[in-house]
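In: structure for the following, please:
(one chain, ligands or ions: 3)
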Amino acid sequence: MDLVITGGTVVTASDSYAADIGIRDGCIVQIGQGLEGAERIDATGLLVLPGGIDAHVHLDQPTSDGTVMADGFASGTRSAAAGGNTTVLPFALQIKGQSLRSCVEDYHRKADGNCHTDVSFHLIVTDPTPQVLGQELPALVQDGYTSFKVFMTYDDLVLNDAELLDVFEVARRERALVMVHAEGHDAIKHLTRRLEDMGRTAPFYHGQAHAQIAEREATHRAISHAQLIDVPIVIVHVSGRDPMEQIQWARARGLKVHAETCSQYIALTADDLRGLNMDFEGAKYVCSPPPRDADSQAAIWQGLRDGTFDIFSSDHCPFRIDGTGKDTPRARTSFKWVPNGIPGVETRLPILFSEGVSKGRISLQRFVALTSTNPARLYGLYPQKGSIAIGADADLTLWDPTLTRPIRQTALNHGCDYTPYEGMDITGWPVRTILRGQTIAVDGKVVGTPTGGHLVRGTSEAFSPE
Ligand code: URP
Ligand code: ZN
Ligand code: ZN
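Out: Numbers count the residues shown, from 1 in each chain. Ligands and ions are numbered 1, 2, ... in the order given. You can find the predicted model right below:
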């Protein structure tokens with residue numbers, strides 16, 4: 001064997017046991033005791049986890065007002081690797097009027113040869129023309145782009161109900177999976193106007209404009225559309241109790257509704273958007289849906305425990321707080337101009353481990369399921385990814401469950417100039433990330449150049465409708 005990892009505790013979504021792992025040609029070839037190989041990594045005292053899979057990240061996406069994202073593929077995957085991830089799933093965003101195929105080619109040009117981790121793309125469909133629905137989307141699903149996101153809000157991205165139904169119909173026919181950003185556009189616009197009329201323009205009011213009622217309504221509408229078409233969907237970045245209850249309502253009726261939540265909904269609240277004194281600091285936390293309150297946090301924890309949530313992602317969508325990102329003269333006139341999104345690909349695993357496993361809220365197995373195995377299953381990458389098993393890619397994260405230190409921007413690897421989690425105490429950090437048998441990060445720093453990442457494609461078998 002090329003490499004053996006010895007003395008660690010192997011953790012999967014269903015098990016935990018002491019074993020060595022043997023690796024040859026980038027794959028796991030043996031799991032047992034007393035293994036030997038050309039190279040040896042001593043994992044005594046460490047957990048050996050399947051590499052993290054962050055199924056929701058935004059890298060190098062253009063924005064409608066020209067604001068540039070803080071991470072491209074090199075820095076975004078560098079940050080991901082340092083945070084214990086071996087695969088990320090970013091989006092190829094179709095600009096209205098653009099062919100979906102040329103959009104995918106654009107993102108490949110950005111990503112190819114620039115990644116520290118493996119990458120698998122979701123599509124974002126913003127312009128479901130007959131050409132896109134009838135030809136491009138089916139052809140791209142055949143080529144392995146088996147998941148696509150649709151938006152129920154944002155002026156430049158929103159689909160109306162007829163368009164949503166059309167996209168769902170194609171997904172059913174092609175056995176693809178639709179990810180839904182569920183927030184009601186008209187309700188948000190109405191609340192935004194009302195708040196602006198009252199002079200309530202600080203970042204804090206973003207949270208009020210993106211009310212949980214608007215998220216709940218859109219979640220139910222998306223579920224109803226999916227039921228009508230009989231297609232599985234994923235409700236992404238679920239923020240609180242109300243939309244979560246809609247997902248439970250759907251599941252109780254046997255509907256195939258999957259759900260994702262993210263770090264910000266367990267680690268932040270709407271109060272963070274106040275800044276120090278309703279000041280612009282609050283823009284650091286502006287994302288959609290916004291963080292809610294302590295009651296919603298408690299509900300999200302319950303959902304993480306009981307299986308309401310299949311996956312836990314970061315929704316990494318980084319904009320610098322300086323004058324090139326969130327803090328612009330226009331953004332100072334109204335929260336509605338503050339770019340939505342926060343960084344988090346590097347802190348996702350430590351936050352869930354520390355708040356979840358270290359504090360006794362979820363088991364180690366659940367941690368692995370939410371952060372690696374389930375994302376791989378949902379998006380058709382399993383069992384090559386997301387598992388520790390003979391024949392799987394040797395994508396592994398060695399984890400020190402006792403290492404305690406706070407999150408600090410100065411120690412992070414992303415291209416953003418702040419972290420919304422500054423100072424948060426964390427117990428449990430990744431100490432080595434291994435991609436197909438090659439170490440890509442050690443103790444929070446990447447090793448090597450961003451050329452080792454592969455582009456991987458999904459299959460639609462895992463979630464095909466009956
Ligand atoms: O505020 C957020 N989440 N921005 C990223 C885009 C999205 O909706 O996921
Ligand atoms: Zn979204
Ligand atoms: Zn997102």
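
In: which stretches of the protein have low pLDDT?
Out: 461-466 (pLDDT under 70).

In: which residues of it lie near ligand 1?
Out: Within the chain, the positions lying close to ligand 1 (Cβ under 6 Å from any ligand atom) are H58, H181, H237, C287, S288, D315, C317, N340, G341. All C-beta atoms are positioned from the backbone trio N, CA, C, and that covers glycine.

In: what do you get if the cut-off is 8 Å, keeping everything else the same?
Out: 56, 58, 149, 151, 154, 181, 236-237, 286-289, 315, 317, 340-342 (Cβ under 8 Å from any ligand atom).

In: show only the entries of the residues you listed found in helices.
Out: With helices defined by DSSP state H, no entry of the residues of the chain next to ligand 1 lies inside them.

In: filter those down to just the buried residues.
Out: Buried members of the residues of the chain next to ligand 1, counted by 16 or more other Cβ atoms under 10 Å: 56, 58, 149, 151, 181, 236-237, 286-289, 315, 317, 340-342.

In: out of those residues, which two sit at the greatest distance?
Out: K149 and V286 (19.7 Å; Cβ to Cβ).

In: can you pull the domain assignment for this protein?
Out: In terms of domains, the chain is parsed into 3-49+386-446, 51-366 (source: automatic domain parsing).

In: which of the ones you listed sits closest to R457?
Out: Among those, domain 51-366 sits nearest to R457 (Cβ to Cβ), with 2.6 Å.

In: list the contacts for the closest residue to ligand 1 within the stretch 51-200 of the chain?
Out: Using Cβ to the nearest ligand atom, the single residue of the stretch 51-200 of the chain nearest to ligand 1 is H181, 4.9 Å away. H181 sits next to K149, V150, F151, M152, T153, Y154, L157, V236, H237, S288 when contact means Cβ atoms under 8 Å, 6 or more residues apart in numbering.

In: re the thing from before, tell me which of the domains of the chain sits nearest to G453.
Out: domain 51-366 (2.8 Å).

In: determine how far that closest one lies from the middle of the whole chain.
Out: 8 Å (Cα atoms, centre = their mean, to the nearest Å).

In: strands of the stretch 101-250 of the chain, start to end?
Out: All strands of the stretch 101-250 of the chain, identified by DSSP state E, counting those that start in this stretch, fall at 118-119, 122-124, 147-151, 177-181, 233-235.

In: helices or strands up against the shortest one?
Out: Using 3 or more Cβ pairs under 8 Å, 6 or more residues apart in numbering; DSSP states H and E as the contact criterion, the elements in contact with strand 118-119 are strand 85-93.

In: check the third one too.
Out: When contacts are defined as 3+ Cβ pairs under 8 Å, 6+ apart, strand 147-151 sits against strand 122-124, helix 161-174, strand 177-181.

In: who wins for proximity to A13 among the ones you listed?
Out: strand 177-181 (19.6 Å).

In: who does the closest one pair up with?
Out: strand 147-151 (parallel), strand 233-235 (parallel) (DSSP bridges).

In: and it, what's buried?
Out: Buried residues in strand 177-181 (16+ other Cβ under 10 Å): L177, V178, M179, V180, H181.

In: stretch 418-429 too?
Out: Y418, T419, P420, Y421, M424, I426, T427, G428, W429.

In: let me have those in JSON lines, adding secondary structure as columns.
Out: Formatted as JSON lines, those follow (DSSP: H, G, I helix; E, B strand; the rest coil):
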{"residue": "Y418", "secondary structure": "coil"}
{"residue": "T419", "secondary structure": "coil"}
{"residue": "P420", "secondary structure": "coil"}
{"residue": "Y421", "secondary structure": "coil"}
{"residue": "M424", "secondary structure": "coil"}
{"residue": "I426", "secondary structure": "strand"}
{"residue": "T427", "secondary structure": "strand"}
{"residue": "G428", "secondary structure": "strand"}
{"residue": "W429", "secondary structure": "strand"}
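
In: what's next to stretch 245-253, contact-wise?
Out: For stretch 245-253, using Cβ under 8 Å, 6+ apart, the contacting residues are R216, T219, H220, I223, Q227, I235, V238, V257, A259, G303, T308.

In: go again with 7 Å.
Out: Residues from elsewhere that reach stretch 245-253 (Cβ atoms under 7 Å, 6 or more residues apart in numbering): R216, T219, H220, I223, I235, V238, V257, A259, T308.

In: what about those, which are in helices?
Out: R216, T219, H220, I223.

In: from these, which is closest to ligand 1?
Out: T219 (14.0 Å).

In: count the neighbours of that closest one for me.
Out: Number of residues near T219 (other Cβ atoms under 10 Å) recorded here: 28.

In: pretty sure it contacts R241?
Out: No: the pair T219 / R241 is not scored as a contact, 11.6 Å apart, by Cβ atoms under 7 Å.

In: V170: which of the buried residues of strand 177-181 is nearest?
Out: V178 (8.9 Å).

In: for that closest one, give me its contacts.
Out: F148, V150, V167, F168, A171, V231, I233 are the contacts of V178 under Cβ under 7 Å, 6+ apart.

In: please repeat the previous calculation with a cut-off of 6 Å.
Out: A171, I233 (Cβ atoms under 6 Å, 6 or more residues apart in numbering).

In: for it, list each beta-bridge partner.
Out: The partner residues for V178, given DSSP bridges, come to F148, I233.

In: from A55, how far off is it?
Out: Note on V178: its distance to A55, by Cβ to Cβ, to the nearest Å, is 14 Å.

In: and S263, by the same measure?
Out: 13 Å.

In: what about those two, which has more around it?
Out: Just comparing S263 and A55: by other Cβ under 10 Å the higher neighbour count belongs to A55, 29 against 25.

In: give me phi/psi at the nearest residue to that one once chain neighbours are set aside?
Out: Spatial nearest neighbour of A55, excluding adjacent residues (Cβ to Cβ, 6 or more residues apart in numbering): P375 at 3.9 Å. The phi and psi values for P375, taken as degrees, to the nearest 10, are phi -60, psi -40.

In: wouldn't P375 be in contact with V57 here?
Out: No: at 11.4 Å, P375 and V57 do not qualify as touching, with contact defined as Cβ atoms under 6 Å.

In: can you map out the helices along the stretch 351-466 of the chain?
Out: Chain-ordered helices for the stretch 351-466 of the chain, with DSSP state H, counting those that start in this stretch as the definition, fall at 364-368, 374-378.

In: got the buried residues for the last one?
Out: Of the residues in helix 374-378, those with enough neighbours to count as buried (16+ other Cβ under 10 Å) are N374, P375, A376, R377, L378.
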